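Trainee: Build me a structure from this.
(2 chains)
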Amino acid sequence: MNLGKRKNANRIFHGILVCCILFSILMLAVLFIDTFKKGLPYLNVKFLTNYTSRFASKAGIKAAIFGSLWIIVFTIIIAFPLGVCGAIYLEEYASKNKLNDLIKVNISNLAGVPSIVYGILGLAIFVRALGFGRTIISGAITMALLILPIIIVASQEAIKTVPHNLKEASYALGATKWETIREVILPYSMPGILTGTILAVSRAIGEAAPLVVVGGAAAIWFTPQTPFDEFTTLPLQIFTWATMPQREFQGVAAAGIIVLLIVLIFINLTAILLRNKYQDRIKV
Amino acid sequence: MKVKMQIRDLNFYYGDFKALMDINMDIERKKVTALIGPSGCGKSTFIRTLNRMNDLIENTKVEGEILLDGEDIYSKKIEVEELRKKVGMVFQKPNPFPKSIYENIVYGPKRHGIRNKKQLDEIVEKSLRGAALWDEVKDRLNKSAWELSGGQQQRLCIARAIAMEPEVILMDEPTSALDPIATSKIENLIETLKKDYTIVIVTHSMQQAARISDNTAFFLMGELVEFGPTSTIFTTPKDQRTEDYITGRFG
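Mentor: Numbers count the residues shown, from 1 in each chain, chains lettered A, B, ... in the order given. Predicted coordinates for the structure are as follows:
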């Protein structure tokens, strides 16, 4: 093929790629603009400090913000150590045999199980069998189970990227396996582990279905004080408002979405800063 | 005692594959022993049996004995962490940790229980001087080891190994990833190090073996074909295969 044709193909493909990204941005922009147009009139200080109400003008999101924060903190406390430890075991300790291969494949499969299934599991085990009731702790454990596979798989991938020769260097200096994990493997893979955790936690924040089943309340008029209090979360509250018959609540729901987006950005930003700190530590 | 390590009837298996066959060798104290041979001849496998790095590979088996000062390193009484403190290792590709130069040096000593800051500082200076790296890095000990050049990184790895004051240093093709100038620095360093340490080095370069080693072992397909003083091996080899290899007829 002559150069002119090749250059043309080059330009055409460049154009196609630009179109792909423009399409995604356009869709997001439409969503944003629509949400902001509907929600901004309802977004004010009172919206943040009020509890929900029968009247759209008085409805606020305070209980849901606190509920979401409680849920997410406990979800991270439960899922992060479990997930990372599980990944370390699978990558560094588990010997290569059929059983362990089966476990690895199934953990990946669990990441694809619909979230409502986790909700049903949470309802059966934590709410009923263990008697935690419709509380934050039930919701948080359910959410933790939901994101555990994501954290395990992401952590496994991160641990796999640790160069073999660094592990050898550590062993050759007489370090034990645990010292090698603590001093070499974990610091090196932490940015990857945190990236996976950020994705998983973002999913948990936006997830409504499992909590509907576990029994997040549609409307509560207090902020939780202990993990054994009832709760609602941002997506639950948005879902409740969006399904109200009165038209004005569509705007309230949109305002809720804006708040959810801001909370999400804030949490992701914290996590990214944390990850960058670890990345710098690797370099220095 | 003149002999530091004795290898007696050593066999090594990866699964069913026999990688080393009936190796017998005496490694002399404070001498440089070079292991040469074509790729896949078992010289790297052999050097890794000397500090039990092969333990890390699943489904391998060792037969025979390797004595360090008369004690079998594969005996149940030996803690592998203690063995590796005595028998340090430098690898083919420089592999400093993504930590500061200082932290790289003190990694071994810290694991073996040295916590005193002053003592660690002394170890860092002594090891870096020992590896002829001190003058180049003394002003940036807290900088990342990954900012050093390849040759400097390899000398850092040597410094990291001697920081534990080992008795034996194993080097698995330590200059194969380096340019000629960095290589000659490492070779000079080995010359100095053998005053204090017993050194075993795998090398692909016969010139290097001839330049720096006192004894040379020629491996072929898992067998130790010939072992003896370097001058003899390179001038009057007894085995035809050794002669063919060193004259460049194969490999």
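Trainee: And the average pLDDT for the helix or strand residue A:158 falls within is what?
Mentor: Assigned by DSSP states H and E, residue A:158 belongs to helix A:136-160. Confidence over helix A:136-160 (mean pLDDT, whole number) is 94.
Trainee: Give me the contact status of it with chain B.
Mentor: No. Helix A:136-160 does not reach chain B (C-beta under 8 Å from any C-beta of the partner chain); its nearest approach is 14.1 Å. Quick note: C-beta positions are derived from backbone N, CA and C, even for glycine.
Trainee: what's the following helix or strand after that helix?
Mentor: Taking DSSP H and E as the definition, the helix or strand right after helix A:136-160 is helix A:164-172.
Trainee: Beyond that following helix, next helix or strand please.
Mentor: Remark: after helix A:164-172, the chain's next helix or strand is helix A:177-180, criterion DSSP H and E.
Trainee: In the helix or strand following that next one, which residues are buried?
Mentor: For helix A:177-180, the following helix or strand on the C-terminal side (DSSP H and E) is helix A:186-206. Neighbour-count burial for helix A:186-206 flags A:186-202, A:204-206 (criterion: 16 or more other C-beta atoms under 10 Å in any protein chain shown).
Trainee: Pull up the residues of the stretch 151-251 of chain B that are close to chain A.
Mentor: Contact residues, the stretch 151-251 of chain B versus chain A (C-beta under 8 Å from any C-beta): B:157, B:160, B:161, B:164.
Trainee: if I look at the nearest residue to residue A:100 once chain neighbours are set aside, how far off is residue A:88?
Mentor: Closest residue to residue A:100 apart from its sequence neighbours, by C-beta to C-beta, 6 or more residues apart in numbering or on different chains: residue A:94 at 4.4 Å. Look at residue A:94 and residue A:88: by C-beta to C-beta, to the nearest Å, they are 10 Å apart.
Trainee: do residue B:130 as well
Mentor: Distance from residue B:130 to residue A:88, by C-beta to C-beta: 35 Å.
Trainee: do residue B:8 as well
Mentor: Note on residue B:8: its distance to residue A:88, by C-beta to C-beta, is 39 Å.
Trainee: Tell me which of these two has more neighbours.
Mentor: residue A:88 (21 against 14; other C-beta atoms under 10 Å in any protein chain shown).
Trainee: Could you check which helix or strand contains that one?
Mentor: Taking DSSP H and E as the definition, one finds residue A:88 inside helix A:62-88.
Trainee: how big is the angle separating that helix from helix A:136-160?
Mentor: Put simply, helix A:62-88 runs at 40 degrees to helix A:136-160, going by axes from the mean of the first three to the mean of the last three C-alpha atoms, to 10 degrees.
Trainee: quick one, helix A:62-88 and helix A:186-206 angle?
Mentor: 140 degrees.
Trainee: Mind listing what's buried along helix A:62-88?
Mentor: Neighbour-count burial for helix A:62-88 [16+ other C-beta under 10 Å]: A:62-72, A:74-76, A:78-80, A:83-84, A:86-88.
Trainee: Show me the strands in the stretch 101-250 of chain B, by range?
Mentor: Applying DSSP state E, counting those that start in this stretch to the stretch 101-250 of chain B gives strands spanning B:168-172, B:198-202, B:215-220, B:223-229.
Trainee: Serialize those strands to CSV and add fields for mean pLDDT.
Mentor: Converted to CSV, the strands of the stretch 101-250 of chain B look like this (pLDDT from 0 to 100):
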stretch, mean pLDDT
strand B:168-172, 96
strand B:198-202, 96
strand B:215-220, 94
strand B:223-229, 95
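Trainee: of all these, which lies closest to residue B:40?
Mentor: strand B:215-220 (9.7 Å; C-beta to C-beta).
Trainee: List the neighbouring strands of the closest one plus their orientation.
Mentor: Here strand B:215-220 has these sheet partners by DSSP bridges: strand B:32-36 (parallel), strand B:223-229 (antiparallel).
Trainee: How many residues are close by the closest residue to residue A:203 other than its chain neighbours?
Mentor: In this structure, residue A:203 finds its nearest non-sequential neighbour in residue A:147, 6.2 Å apart by C-beta to C-beta, 6+ apart. Residues lying near residue A:147 (other C-beta under 10 Å) number 28.
Trainee: So what pairs up with the residue sitting nearest the centre point of chain B in the strands?
Mentor: Note on chain B: the residue nearest the mean C-alpha position is residue B:170, at 1.5 Å, using C-alpha atoms, centre = their mean. Taking DSSP bridges as the rule, residue B:170 bridges to residue B:89, residue B:200.
Trainee: Against residue A:124, how distant is the most centrally placed residue in chain A?
Mentor: Nearest to the mean C-alpha position of chain A, counting by C-alpha atoms, centre = their mean, stands residue A:201 at 2.1 Å. For residue A:201, the distance to residue A:124 (C-beta to C-beta) stands at 25 Å.
Trainee: ditto for residue A:199
Mentor: 27 Å.
Trainee: same question, residue B:140
Mentor: Here residue B:140 is placed at a distance of 60 Å from residue A:124 (C-beta to C-beta).
Trainee: burial of residue 153, as a residue count?
Mentor: Chain wasn't specified; assuming chain A. Close neighbours of residue A:153, defined as other C-beta under 10 Å, add up to 21.
Trainee: switch to chain B, that's the one I care about
Mentor: Neighbourhood size, residue B:153 [other C-beta under 10 Å]: 23.
Trainee: Check the one 10 residues further on too.
Mentor: Residues lying near residue B:163 (other C-beta under 10 Å) number 27.
Trainee: With adjacent residues omitted, what lies nearest to it?
Mentor: Residue B:163's closest residue in space is residue B:127 (C-beta to C-beta, 6+ apart), at 4.1 Å.
Trainee: residue contacts, the nearest residue to residue B:188 once chain neighbours are set aside?
Mentor: Leaving aside its chain neighbours, residue B:188 sits nearest to residue B:132 (7.5 Å; criterion: C-beta to C-beta, 6+ apart). By C-beta atoms under 8 Å, 6 or more residues apart in numbering or on different chains, the contact list for residue B:132 reads B:155, B:185, B:188, B:189, B:192.
Trainee: among the residues you listed, which are in helices?
Mentor: In helices, defined here by DSSP state H, the members of those are B:155, B:185, B:188, B:189, B:192.
Trainee: was I right about the fourth one contacting residue B:156?
Mentor: It refers to residue B:189. No. Residue B:189 lies out of contact with residue B:156 (C-beta atoms under 8 Å); the separation is 11.8 Å.
Trainee: got any residues that touch both of these two?
Mentor: With C-beta under 8 Å, 6+ apart as the test, residue B:189 and residue B:156 both reach residue B:131.
Trainee: the more surrounded of those two?
Mentor: Set side by side, residue B:189 and residue B:156 show more neighbours around residue B:156, with 25 against 20, by other C-beta under 10 Å.
Trainee: how far away is the more buried one from chain A?
Mentor: Going from residue B:156 to chain A by C-beta to the nearest C-beta, to the nearest Å gives 11 Å.
Trainee: Return the residues in contact with that residue.
Mentor: Residue B:156 touches B:94, B:96, B:101, B:104, B:105, B:128, B:131, B:133, B:137, B:145, B:148, counting by C-beta under 8 Å, 6+ apart.
Trainee: Show residues contacting stretch A:222-235.
Mentor: Contact with stretch A:222-235 is made by A:51, A:61-68, A:70-71, A:74, A:132-137, A:139-140, A:205-208, A:211, A:216-220, A:240, A:256, A:259-260, A:263, as judged by C-beta under 8 Å, 6+ apart.
Trainee: Please repeat the previous calculation with a cut-off of 7 Å.
Mentor: With contact meaning C-beta atoms under 7 Å, 6 or more residues apart in numbering or on different chains, stretch A:222-235 is reached by A:62-68, A:70-71, A:74, A:134-137, A:139, A:206-208, A:211, A:216-217, A:220, A:256, A:259-260, A:263.
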